[in-house]
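Asker: Fold the following and give me the result.
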Amino acid sequence: MSGIVTVEIKGYSDDVQAEFRITDMSGRLITGRKADSDTQSFDLSRQDSGVYLLQITINGKSAVWKIVKQ
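Answerer: The predicted structure is shown next:
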């Protein structure tokens with residue numbers, strides 16, 4: 001299925017605090033959630049083609065990844 005983004009957290013355990021946020025380039029929140037397992041999937045199939053930002057915060061440290069949907 002096109003438009004599915006899957007993220008795996010290596011070393012995930014119940015004491016890991018992880019949050020995910022996907023926004024469009026204007027900063028509008030598309031989806032966000034706290035992790036409840038080592039693998040998280042996000043369905044972007046209903047979103048327009050373009051560039052999105054995935055912000056991952058694990059135990060207070062953040063990283064941002066670009067997602068290009070065609």
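Asker: the helices in this structure, which residues?
Answerer: In the chain, no segments count as helices under DSSP state H.
Asker: Please, where are all the strands along it?
Answerer: Shown for the chain, the strands assigned by DSSP state E span residues 4-8, 18-24, 29-34, 39-43, 50-58, 61-69.
Asker: Contacts for the second one, please.
Answerer: Which is strand 18-24. 5, 7, 9, 12, 29-35, 40, 42, 44, 47, 50, 52-59, 67 (CB atoms under 8 Å, 6 or more residues apart in numbering). The C-beta positions use only the backbone N, C-alpha and C, and glycine is treated the same way.
Asker: and it, which residues are buried?
Answerer: Using 16 or more other CB atoms under 10 Å as the test for burial, strand 18-24 gives Ala18, Phe20, Arg21, Ile22, Thr23.
Asker: which one in this protein is furthest away from the centre?
Answerer: Asp15 (19.4 Å; CA atoms, centre = their mean).
Asker: With adjacent residues omitted, what lies nearest to Asp38?
Answerer: Tyr12 (3.7 Å; CB to CB, 6 or more residues apart in numbering).
Asker: Show me what the mean pLDDT comes to for stretch 19-38.
Answerer: What stretch 19-38 shows for mean pLDDT is 95.
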